[in-house]
Each structure stands twice: as C-alpha cells, then as structure tokens.
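> Okay, sequence plus prediction incoming.
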Amino acid sequence: MEDRELYQTILGLSVPWIVARVELKEAEQAVCVWVEETAGTVFSCPECQKIAPIYDRAERRWRHLDTCQFTTVICARVPRVACPTHGVKTVRVPWAERGSRFTLLFERLAIAWLKEATPAAVARRLGLTWDEARGIMERAVRRGLARRTREPVARLGIDEKSFLKRHQYVSVVVDLDRACVLHVADDRKAESIVPYFEELTPEQRAGITAIAMDMWEPYRKTVREQVPAADAKIVFDKFHVLQHVSDAVDQVRKQESKALAAAGDSTLKGTKYAWLRNPVNFSPKAWREFAVLRDSTLKAARAWALKESLRRLWDYTYVGAARTFFTRWYWWATHSRLAPMIKVARMLKRHLENILTYLTHRITNAVTEGLNAKIQWIKYGARGFRNREAFKMAILFHCGGLDLEPYAP
C-alpha cells in the first residue's frame, strides 16, 4: 500500500477529498499529509448549503495524531466560496471542526487525556500550549451544551462553590438524579440562577418536584418566583442545618474553653473535633475516651447533647410527629442558657417548614456535595483559577455530563 493510500484510509477520506502527497521531514520529525479535492468539485455555502463559486483558496494546517514518533500535520488549500447571501465563507472539511487547528481524532485524544489530567499536564505531553489545551476544552463544552436537550428534571440541588478568597463564588445547579451540573453562574445572588429557570418551559418548571438547597435567602427567593408551588418543594439540606448547629456547639466550646483556660483548667484544650464529629465516625476507643467529656457538666456537653438529639428530626415519617419533636427540642434549646444554641434554635424555627419538607421528598444535597468535592479536586489540580470563566468551563467539562466528542460535520 502506498503512503497516499495509507493516509487516505487512516483519515477516512472519501470523494471529493483525496491525499495528494505525503512529505516526510526527518529533520523536523514531522509528516505533512497534503489533501486536496478532486478536479471539477463544486462546493456549497456552509451556512445555507447552496452551490457557490470558489472565491479563492487559503492554506491551512491541522495537527493530527502522531505517526509513530513523528508529528503529523494535515495540510490543504481550502476553498472559500462567494455566497450571494452570506458573503465569502470557508468550506467545511470532514477531518476537523470549523475554527479548530486540530483534527477530530486529535481532539478526541486530547479530550480523553483532559478528563484524567490538568490542561497544563496534557499540554506538556502532547506538545501544545496551555491556550491550545484550554481551547480544546472550550470547544468541547460548547459542543456539549449545544447538544444537550432540556429533558425534564424532577429533583434539583442548588449550592455555591468558592472561586477565590474574599467571598467570591459561583452558583451551581445540579440534577440530583443524574448527578451532573446543569448550570454554573457568577456569584451567589438571586439573579445568578434565574437564567437556568428561564430556559425551561412552563411544563418543565411545573415538573420539578423537589429542590435541595441551604438556607441562603437569595436562592429561595428566585425559586419561589420561578417554580410553581415552590414552598412545598424547597428542602433545606439537613447537612447544612446540622452544620449551623455544629457551629453553635463550637462557639459554646470556644467561650467555655477560654474561661476555663483563664482559671488554669485545660479540660477542653484540643477537643474541638471530638465535639463536632458524628458519633458513627468514632472508633470504640475514641468513643470511650469521649464519654468523660460528654457525660460531664460542661456547657459544651449540653450543647453537644442538643446537636445530637436534633438528628432524630429526620428519622420521623410523619410531619406532625416531627413538628411535635421540634417543639420540645426548641424549648430545651431556648432554655439552655447557651446563647449560640438559642440563636440557632430560633433560626431553625423560622425555617422549619422547609426543613420538614424533607419528610415528603427525602432528598439532600449529598450528590451536590459529591460534585463539589470533584470541583475542589479540579481546583487543586489546576492550582486554582484566576479566571472565573475558565473555572466555570472546567466544571462543565468534568461534571456537566456533556457529550464532548467532536464529530465530522
């Protein structure tokens, strides 16, 4: 088989495109494969598909998969046609997407690597610049978003993810059933998630059955405006609720530890994580050691008992029984003489209705937190992001559940 026939087969070319010649450049360790159209070929406008005369030709090159250790480049003098409607347009070629400097097969390889490693690492291994690797990611995300169909989503999760220090965030909307990110927006304002809902039909909005979120009021405000009967569908995530209570316990511990230390008592020194840890995560030995503290008369022990007792709220089956339990717990908390616990108890009472909706929908933001952990890994691998758009693009690339593969036009 001649080299022209070999590359014709490898590239999967068909009429009117043929391999005209193959040049081996040993000094540069490169192979240049020249492609041209057969004589008499007519072309159409890539916009309207109407036959148009050739205006001129422009030489272009595309990086292809290496031939053994040699870099392989596809070269062609691509015609531009003069369309009466759309003006001068470059015709599309079957081995690359419009605007790309890489062949479809090369981009598929790069995308597969980018799913496993950082753009900087992939760029080094494939001999690309960082901007070229990022460009491949951006094109892949644009393709995926263009192909995504607005299928009905029954259960959503909404959360924020820190972008940089100083309280800079992005808002993330997640499909809890498919475990993928549907929308990423700047900040964590009420308007951040509006574009997602505006793209849904009225039927799709009405089809949303439950939305898990934390108690951030701007998110709640938008959901109530955009989703019918939202008050019955919003579920304040139980892990965020318990986090607020844990923070109150820690405040009690800090205040008491400071007072004890002033009196020369170091009982609470180094015990922070023992008070915050879920009991199921204790080893038998650590649980026995912690018994001395939790059974004591310390204020921190009373706050811890309140925190652990509240976990039972999500074990109830009936809303009425859960409400009765919370009423008793609320009386206990507000009469505990522990200011942080009183404050958090009053906050929970204000949001009780959307805490109890858990008993109807039984959803949490655990899936969203799992995706957040993956996003955190992406941030760590990239050593952080200074560009918010690059961060959003990386989230959709890795967590969007998108069809990223390039296909022949």
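Alright, I've got the coordinates. Numbering: from 1, shown residues only.

> Distance across stretch 304-323, terminal residue to terminal residue?
21 Å (C-alpha to C-alpha, to the nearest Å).

> sorry, that was for stretch 281-301
One end of stretch 281-301 sits 18 Å from the other (C-alpha to C-alpha).

> In that stretch, which residues are buried?
For stretch 281-301, burial by neighbour count (16 or more other C-beta atoms under 10 Å) applies to 290, 293-294, 298-301. (Each C-beta comes from the backbone N, C-alpha and C, glycine too.)

> In these, find the pair that's most separated.
Pairwise distances across the buried residues of stretch 281-301 peak at 16.2 Å for F290 and K299 (criterion: C-beta to C-beta).

> Nearest to I193, out of the buried residues of stretch 281-301: which one, please.
Of all these, I193 sits closest to A300, with 38.1 Å by C-beta to C-beta.

> Skipping adjacent residues, who's closest to that closest one in space?
R253 (4.4 Å; C-beta to C-beta, 6 or more residues apart in numbering).

> tell me the SS of that neighbour?
Classification of R253 using DSSP: H, G, I helix; E, B strand; the rest coil returns helix.

> Run a quick neighbour tally on it.
A count of nearby residues for R253, using other C-beta atoms under 10 Å, gives 23.

> try V174
Here the number of neighbours of V174 (other C-beta under 10 Å) works out to 26.

> domain parsing for the chain?
1-95, 238-361 (automatic domain parsing).

> any chance of these in TSV, with distance to D214 too?
Below are these laid out as TSV (distance: least, C-beta to C-beta, whole Å):
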stretch	distance to D214
domain 1-95	45
domain 238-361	4
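
> Out of those, name the one with the poorest average pLDDT.
Mean pLDDT is lowest for domain 1-95 among the domains of the chain, at a mean of 91.

> contacting residues around R143?
Listed by C-beta atoms under 8 Å, 6 or more residues apart in numbering, the contact set of R143 reads 402-406.

> Format those residues as JSON lines; extra columns: distance to C180.
Converted to JSON lines, these look like this (distance: C-beta to C-beta, whole Å):
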{"residue": "L402", "distance to C180": "8"}
{"residue": "D403", "distance to C180": "12"}
{"residue": "L404", "distance to C180": "13"}
{"residue": "E405", "distance to C180": "16"}
{"residue": "P406", "distance to C180": "20"}
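
> okay, now the residue nearest to V91 when sequence neighbours are not counted: neighbour count?
Setting aside the residues directly before and after it, V91 is nearest to F43 in space (C-beta to C-beta, 6+ apart), at 4.7 Å. Residues lying near F43 (other C-beta under 10 Å) number 19.

> any idea how far A82 is from F43?
From F43 across to A82, the span is 11 Å (C-beta to C-beta, to the nearest Å).

> Q168 too?
Taking C-beta to C-beta as the measure, Q168 and A82 are separated by 49 Å.

> any chance of the contacts of R143 in CSV, with secondary structure, distance to F106 and pLDDT too?
Formatted as CSV, those follow (DSSP: H, G, I helix; E, B strand; the rest coil; distance: C-beta to C-beta, whole Å; pLDDT from 0 to 100):
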residue, secondary structure, distance to F106, pLDDT
L402, coil, 19, 95
D403, coil, 18, 95
L404, coil, 14, 94
E405, coil, 12, 91
P406, coil, 9, 89
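
> T334: which of these is nearest?
The closest of those to T334 turns out to be L402 (C-beta to C-beta; 48.8 Å).

> Which helix or strand contains the residue nearest to the closest one when sequence neighbours are not counted?
Residue nearest to L402 in three dimensions, not counting chain neighbours: G144, with 2.6 Å by C-beta to C-beta, 6+ apart. Using DSSP states H and E, G144 maps to helix 130-147.
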